[in-house]
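Chemist: dropping a prediction and its sequence here:
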Number of protein chains: 4
Amino acid sequence: MAVIGVGRIGLVHAENLARRVGHARLVAVTTSKQEGAIQVRHLPGEVKVFPTLEQLLAGQRLDAVVVASSTAAHVENVERCAAAGLHVFCEKPLALTVEGCDRAAAAVTKAGVKLMIGHVRQFDSGCVEAKRSIDSGAIGQPVVYRAISGDVDPPLPEFADPDVSGGLILDSMYHDIYLGRWLMADDITRVYGEGDALIDEGVRSVGDVDNAVVSLRFAGGAMGTLTASRVTRYGHDLRAEVIGDEGAVQIGYLRQTPVRLLDQRGVHHDMARTTAERMGEALVAELQAFVDCVIHDTDSPVTFRDGRATVEVAVAATRSIHSGEPVDL
Amino acid sequence: MAVIGVGRIGLVHAENLARRVGHARLVAVTTSKQEGAIQVRHLPGEVKVFPTLEQLLAGQRLDAVVVASSTAAHVENVERCAAAGLHVFCEKPLALTVEGCDRAAAAVTKAGVKLMIGHVRQFDSGCVEAKRSIDSGAIGQPVVYRAISGDVDPPLPEFADPDVSGGLILDSMYHDIYLGRWLMADDITRVYGEGDALIDEGVRSVGDVDNAVVSLRFAGGAMGTLTASRVTRYGHDLRAEVIGDEGAVQIGYLRQTPVRLLDQRGVHHDMARTTAERMGEALVAELQAFVDCVIHDTDSPVTFRDGRATVEVAVAATRSIHSGEPVDL
Amino acid sequence: MAVIGVGRIGLVHAENLARRVGHARLVAVTTSKQEGAIQVRHLPGEVKVFPTLEQLLAGQRLDAVVVASSTAAHVENVERCAAAGLHVFCEKPLALTVEGCDRAAAAVTKAGVKLMIGHVRQFDSGCVEAKRSIDSGAIGQPVVYRAISGDVDPPLPEFADPDVSGGLILDSMYHDIYLGRWLMADDITRVYGEGDALIDEGVRSVGDVDNAVVSLRFAGGAMGTLTASRVTRYGHDLRAEVIGDEGAVQIGYLRQTPVRLLDQRGVHHDMARTTAERMGEALVAELQAFVDCVIHDTDSPVTFRDGRATVEVAVAATRSIHSGEPVDL
Amino acid sequence: MAVIGVGRIGLVHAENLARRVGHARLVAVTTSKQEGAIQVRHLPGEVKVFPTLEQLLAGQRLDAVVVASSTAAHVENVERCAAAGLHVFCEKPLALTVEGCDRAAAAVTKAGVKLMIGHVRQFDSGCVEAKRSIDSGAIGQPVVYRAISGDVDPPLPEFADPDVSGGLILDSMYHDIYLGRWLMADDITRVYGEGDALIDEGVRSVGDVDNAVVSLRFAGGAMGTLTASRVTRYGHDLRAEVIGDEGAVQIGYLRQTPVRLLDQRGVHHDMARTTAERMGEALVAELQAFVDCVIHDTDSPVTFRDGRATVEVAVAATRSIHSGEPVDL
């Protein structure tokens, strides 16, 4: 397998493939930056570095790829890899638009290869347990979904740029959208958003927002509310809850290590600050699921429909934030 | 002092006046129900029971009253008590409409008596500590406010009736609105709501919703999201948090007593189920604050403007839920 | 009723009798200090202040008393009040020695009055819930009892003095001993202690220890371990747990208000710092139980045997700490 | 490297060497049981299985070994591997007696190979953070150490047998002893223990105890109390705390996944049930530390003196439990 793009998340995937994912072997990465090439050197096995996807496809025999390039390049990368007959794991979102999703889907369908989108929280043991609990009927009928996602540091403006990342909603709140669809087992039919660039000058300079709240309506009548922030300095804050007519289930806590310091000012403890800290095991489980569905020729646990619908909702919420009007889907 | 109406919250006020509030004496209550009269009997001191407010005002010398009647009767009760020269503590909301608020205000202004509205969470030690923390700059500039309020049991249809209680938003989410205005030290300028009667047939039968999520926009640009539910069977769920550009503060936890049971199925503990459990101390502190401002002739810690603005937002959010459109204030 | 001695805990009892305990009226206190007399003045009702117990008994008609004088004076005070025909609530420990306990018991038996010892944790809702849980069989057969008690500030040397207070074990770990006997429903048959004055010069100067750990053996074979400290600067740390062969129950948490502050250094919250914060409700419930057993002529919920056995264990543990040998009871 | 013995912990070490430890390669294991051989098959790479250590040493070129056989065989295995010139990582305890420790030390000294003992908690991020915090002075001078270790299921009698495992203290409380010496940075000079077979018939049948509490005295005057249980059905309960004269630090919590279920009976969550769940990362970090000290020829982070002193304390505590007398070291 090869990893296309070894930025922050691409490097994590490369490490996981090299060390922790069973029945897979990392043989190459693409990166145009010297920094990426250097970081790959410490990986076990012989990992070749190609400056471009073209050169990778020309120079290396592969079974599958992980597309972890910038979001704007996802569709083209998926199309070329599919055309080369490679199974594709693509980081979320599959595309910046619904049309892009459809192009990518057409390419993999034509090539007859597998496509799996990186809905990592579906592989987090906490989310899996919550899903199991909801499906078992433990909370009755789900009626409200609440979620929040916050990152310690805002991205650099060139990554925050909506033309590159899709903006806060597509880039970050995206996770809370697919998680909500999955946990509630329902489609989202209306969104309304408030958002603004209140903190980060870089985010503002490229025309995006750094904080947003979005109201959701599900097809079955249930409702939801999502909060996303580029700047939660206090930690990597990922929480979600589903309230049903008989109970509720909550995912996430404001704690990382099991250590508390107690002094005259009170009680103090840490919380997770990075995705690697918070989602480390889930990132391994996710790639393992992709590898397994390729090897055993089974369906991807994240369907194209899930990825497309999530992009659709995210695009609509982004539009609502800028128009001030609710958007029906 | 007297308590007008000894339903659930009126009875708590009567008990607090009789036992726990300093420099005050409960001498009478009004209640048209035999049940209320019976429950008052166990209070210390001689507490007279009058069937109507008229008879109370005619038959008892008083300095001040607590209006704890049904919301629909608040304005008339405030007007009559003010006209009788009594200082008035009125349960929230002051009225079902902004116009009603203005009528009540005119009455107390004319009479030259004090008016305090029951914004109880401003007297909860947790909320007070959070406010102090925010005002001290500990979290930087506040940018997002999130809150949730849920009651274990839905009210009877006759109380849930929007003509009586104002509906879910005015009756329950009201607390999260004034708390948000207070913690954020800002006015709310736009609301958008989603809501529905998803669970309780009684609530639906009177034309109200039992669950709602509301998006807020503050004048200074910050945003918020509120969730209210008539039916959180798992407990009386009151939580609020403010996220700033340098930190965050959270109020509320899902725990009541400091006891945990551990067995083969995991770890188990309780959570508060009633307002008396969760807000017991705050209800005493609130009445004490009213008594103190009467005795010392100081300003009420809850202003008429706070009460009016909260009703205005709540009415707008209720309208948005039914119209499907955002409402500017 | 009257309160004998209005030092720290005596003042709390006086306030509770005056304001919160039903069917009781505080009419007098004794105190030899001007400070105590001043603090009593703000209590509601007319509370007379007598400089000595003699003068109180001579000058005031009473039904019952709360003995909250220094421990060394407990026995004499109980004897005199009993001789005067008064029911007695006596702060723990009843005496500094088993012989003292027996003298006090003889006095109340002879006078035919009631005696209740201040085992306050038996009235804490957390401890009560834990007891209920254990007795219901939820944890199976109890096999290990663990407890810790810590005070934020060490007492002044004149109070820490073992001749006055009995020392750390009789004064503070005492609570963990009776709680253990009660929760485990068993007698303690052997103790071994380690202790030293490691921190506080004042405690050391009067020949006491400021930290101790004590091992327990129960008659039925179960075992226990207690920790007490005069100086847990971080808070008033009261925790206890019982481990059974099928589960466990824990009492106590390191948290006071439901507020968390989150910033770049982590998550921060408070914990209780005083007995009044941690045990406020229990202190009221305890006095109410005494008043109720006097009024209804029922047995005291804390028996003389409980108080005597606790003193016996505490004295033995103190001896073990100084001798370095286990002590059988 | 090879793993000697692939029982429960040996298999974890084999998996970690095969998958997660850098700069190391697992080439062989020894096991006399078919079951062990089968479980090794799924490991990546070619891992040979030898029925005995003799055959391993004769048939395989090696640099280092992990000794994970039964404790009773540790010394002989260390001697033979050292004689073969192999660096040795040995599971705790190094031996069942101090004399055994000395024999093992003599062998590795003579052979000039490295020896590291599996004090895994020194590699747990929580314990490391607590140590850092204590050493930074955050809690002042440490005065009390409290710890508890409990296993969900008791071992089979043949493993619990004191002649095989050393008994509860050497096998399980061992961890709390070395952790205490490390966190307190001090030697233990006196122990007193209470213990009994209260629950498990199998443990009783081989003459061991299933629950124990042990009091400790440190050279510098500080004290401690340890609790160990073979049967904490509610979870794998590992907690430790150090109380200083200015604060305290606590390790461990009763929670595993970040999921809470809330229903009418209260709030419910899980806790860790196995060492792999609770100590997974620490087991990898520990082996990595061994590999690193071999590769870079640096000192083992766990010294022979640490291992020997821990065995000495554990043996003394075991003796105290059976004799009923404190034991000075």
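Modeler: Good, I have the coordinates.
Chemist: which other helices and strands does the helix or strand encompassing residue A:109 contact?
Modeler: Taking DSSP states H and E as the criterion, the element that holds residue A:109 is helix A:98-111. Judged by 3 or more Cβ pairs under 8 Å, 6 or more residues apart in numbering or on different chains; DSSP states H and E, helix A:98-111 is in contact with helix A:74-83, strand A:115-117, helix A:304-323. Bear in mind the C-beta positions are built from the backbone N, C-alpha and C, glycine included.
Chemist: please identify the most buried of those.
Modeler: With neighbours defined by mean count of other Cβ atoms under 10 Å in any protein chain shown, none of the helices and strands packed on helix A:98-111 is more surrounded on average than strand A:115-117, at a mean of 26.
Chemist: which helices and strands does that strand pack with?
Modeler: By 3+ Cβ pairs under 8 Å, 6+ apart, strand A:115-117 packs against strand A:87-90, helix A:98-111, helix A:275-295, helix A:304-323.
Chemist: thinking again about what came up before, in a markdown table, list the helices and strands packed on helix A:98-111 along with mean pLDDT.
Modeler: What follows is the helices and strands packed on helix A:98-111, written out as a markdown table (pLDDT from 0 to 100):
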| stretch | mean pLDDT |
| --- | --- |
| helix A:74-83 | 98 |
| strand A:115-117 | 98 |
| helix A:304-323 | 98 |
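Chemist: quick one: contacts of stretch A:322-329?
Modeler: Contact partners of stretch A:322-329, identified using Cβ atoms under 8 Å, 6 or more residues apart in numbering or on different chains, comprise A:187-192, A:215, A:312-313, A:316-317, A:319-320, B:192, B:324-326.
Chemist: how about that stretch: buried residues?
Modeler: A:326-327 (16 or more other Cβ atoms under 10 Å in any protein chain shown).
Chemist: got the residues of the stretch 151-300 of chain A near chain D?
Modeler: Proximity of the stretch 151-300 of chain A to chain D (Cβ under 8 Å from any Cβ of the partner chain) is limited to residues A:246-253, A:255, A:257-264, A:270.
Chemist: in PyMOL, select just the buried ones from the residues you listed.
Modeler: Burial among these is assessed by 16+ other Cβ under 10 Å; the matching PyMOL selection reads:
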select buried, chain A and resi 246+247+248+249+250+251+252+253+255+257+258+259+260+261+262+263+270
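Chemist: residue closest to the middle of chain A?
Modeler: Centroid-nearest residue in chain A: residue A:92, 4.6 Å away (criterion: Cα atoms, centre = their mean).
Chemist: I'd like the average pLDDT over the helix holding residue A:109.
Modeler: What helix A:98-111 shows for mean pLDDT is 98.
Chemist: of the helices and strands packed on strand A:115-117, which approaches residue B:57 most closely?
Modeler: Closest to residue B:57 of the helices and strands packed on strand A:115-117 is helix A:304-323 (Cβ to Cβ; 52.7 Å).
Chemist: quote the end-to-end distance of stretch A:94-102.
Modeler: Using Cα to Cα, to the nearest Å, the end-to-end distance of stretch A:94-102 comes to 10 Å.
Chemist: just to revisit the earlier point, want to throw the helices and strands packed on strand A:115-117 into TSV with distance to residue D:53?
Modeler: Formatted as TSV, the helices and strands packed on strand A:115-117 follow (distance: least, Cβ to Cβ, whole Å):
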stretch	distance to residue D:53
strand A:87-90	44
helix A:98-111	53
helix A:275-295	34
helix A:304-323	53
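Chemist: quick one on the thing from earlier: buried residues of the helix holding residue A:109, list them for me.
Modeler: Quick answer for helix A:98-111 (16+ other Cβ under 10 Å): A:98, A:100-101, A:103-105, A:107-108, A:111.
Chemist: quick check: closest non-adjacent residue to the spatially most distant residue from the centre of chain A.
Modeler: The C-alpha centroid of chain A is most remote from residue A:264, which lies 41.0 Å away (Cα atoms, centre = their mean). Nearest non-adjacent residue to residue A:264, counting by Cβ to Cβ, 6 or more residues apart in numbering or on different chains: residue C:233, 5.3 Å away.
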